[in-house]
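*Asks:* Pasting the sequence and the predicted coordinates here, then a few questions.
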Amino acid sequence: MLSISLESRASELDQVFRQVVAGDRELVAAARAAWLQYRRANGFKTNASLLTLPENQLKLGKSDVYSVGLTLQAADAAGVNTCAWAGQCAAVCVLKNGNGRYQSVQHARNVKTRFLADHPAHFVALLAGELARVAERHPKVLARLNVNSDLRWYRILPSLGNGDVLPNVYFYDYTKNPATLRGSGMVAERYRVCYSVNETSDLGKVDRFIRAGGTAAVVTDRKRNAATMASWRGLPVIDGDISDDRYSESGAYIDLTAKGTARQLIGAGGFVQTIYTNN
């Protein structure tokens, strides 16, 4: 698993992260050169940013706070597994819709993911540099490093959510890691994870997690643009399609409508919850 491999190097990678944020230009220059060489070896002519900005991603752009995302390849499609707890979601991943249906986009994600696996220190240097530049330009930034993956970035780079490095950047992610349910969703001072309900979830444990202040995303059969129910299983429900700002929420289920091929799972039980009667 990629996350475990990276976590084993957390001390080294976190040091790189801190050095770049503090202004180490040599680390960034070396990383950019390595990234360009890697891309050229994989059919690209120019360099590219790691982060996706809200100007280029509809869901990120819906948040009131300036939001950025890191889109790696899902599951093991790139030859390394970025989603240790993937299940039915891998076959109907929403990131295969839209621009994700194009082979060129999939190839770019594969190359970015393999670069992280092959050259993690260079990847972290680039990531730190991009986050630092965004943080300089905006008073508050939300960052989602698992747009399409499920890596424990809070373990890979412990400085991310501690507030002493990039103090105006707040991190959030979705995860299927069942260990998340033991806490409240806050895995660091400024890093919240939203649990993703799936076909193996114990909803009783999810309910307790939410009552402790956590949030849990549930993919439902709700029609697009239809109103959410006020509560489910006796707990508040938030429309997760209105904004992607999962950092600011607590104590609720986050209702995400099944999209694209995921709607084929409606009524099958498991990943998509059939809880509406207006379909």
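*Replies:* Alright, I've got the coordinates. Residues are numbered from 1 along each chain as shown.

*Asks:* now the strands for this structure?
*Replies:* Under the criterion DSSP state E, strands of the chain are mapped to 51-52, 66-70, 141-144, 169-175, 186-188, 191-196, 215-220, 231-232, 235-239, 252-257, 272-273.

*Asks:* okay, the ones you listed in a markdown table with distance to V134 next?
*Replies:* To be clear about C-beta, it is placed using only N, CA and C from the backbone, and glycine gets the same treatment. Below are these laid out as a markdown table (distance: least, C-beta to C-beta, whole Å):
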| stretch | distance to V134 |
| --- | --- |
| strand 51-52 | 7 |
| strand 66-70 | 6 |
| strand 141-144 | 5 |
| strand 169-175 | 8 |
| strand 186-188 | 19 |
| strand 191-196 | 17 |
| strand 215-220 | 24 |
| strand 231-232 | 35 |
| strand 235-239 | 26 |
| strand 252-257 | 25 |
| strand 272-273 | 34 |
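
*Asks:* quick one: which of those strands is nearest L36?
*Replies:* strand 51-52 (16.8 Å; C-beta to C-beta).

*Asks:* Tell me which of the strands of the chain lies nearest to H119.
*Replies:* Per C-beta to C-beta, nearest to H119 of the strands of the chain: strand 66-70, 15.5 Å.

*Asks:* and the closest one, which strands flank it?
*Replies:* Within its sheet, strand 66-70 is paired with strand 51-52 (antiparallel), strand 141-144 (parallel), according to DSSP bridges.

*Asks:* circling back to that earlier point, save the strands of the chain as JSON lines, and put in mean neighbour count and distance to G43 too.
*Replies:* Shown next, in JSON lines, are the strands of the chain (neighbours: other C-beta atoms under 10 Å; distance: least, C-beta to C-beta, whole Å):
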{"stretch": "strand 51-52", "mean neighbour count": "19", "distance to G43": "20"}
{"stretch": "strand 66-70", "mean neighbour count": "23", "distance to G43": "21"}
{"stretch": "strand 141-144", "mean neighbour count": "24", "distance to G43": "28"}
{"stretch": "strand 169-175", "mean neighbour count": "23", "distance to G43": "30"}
{"stretch": "strand 186-188", "mean neighbour count": "19", "distance to G43": "37"}
{"stretch": "strand 191-196", "mean neighbour count": "24", "distance to G43": "33"}
{"stretch": "strand 215-220", "mean neighbour count": "24", "distance to G43": "34"}
{"stretch": "strand 231-232", "mean neighbour count": "14", "distance to G43": "46"}
{"stretch": "strand 235-239", "mean neighbour count": "17", "distance to G43": "40"}
{"stretch": "strand 252-257", "mean neighbour count": "22", "distance to G43": "34"}
{"stretch": "strand 272-273", "mean neighbour count": "24", "distance to G43": "36"}
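
*Asks:* Can you flag the weakest of those by average pLDDT?
*Replies:* In terms of average pLDDT, strand 272-273 trails the rest of these, at a mean of 87.

*Asks:* So what pairs up with the closest residue to G240 other than its chain neighbours in the strands?
*Replies:* Distance criterion C-beta to C-beta, 6 or more residues apart in numbering; nearest residue to G240, sequence neighbours excluded, is I254 at 4.0 Å. The partner list for I254 in beta bridges (DSSP bridges) reads A217, I238.
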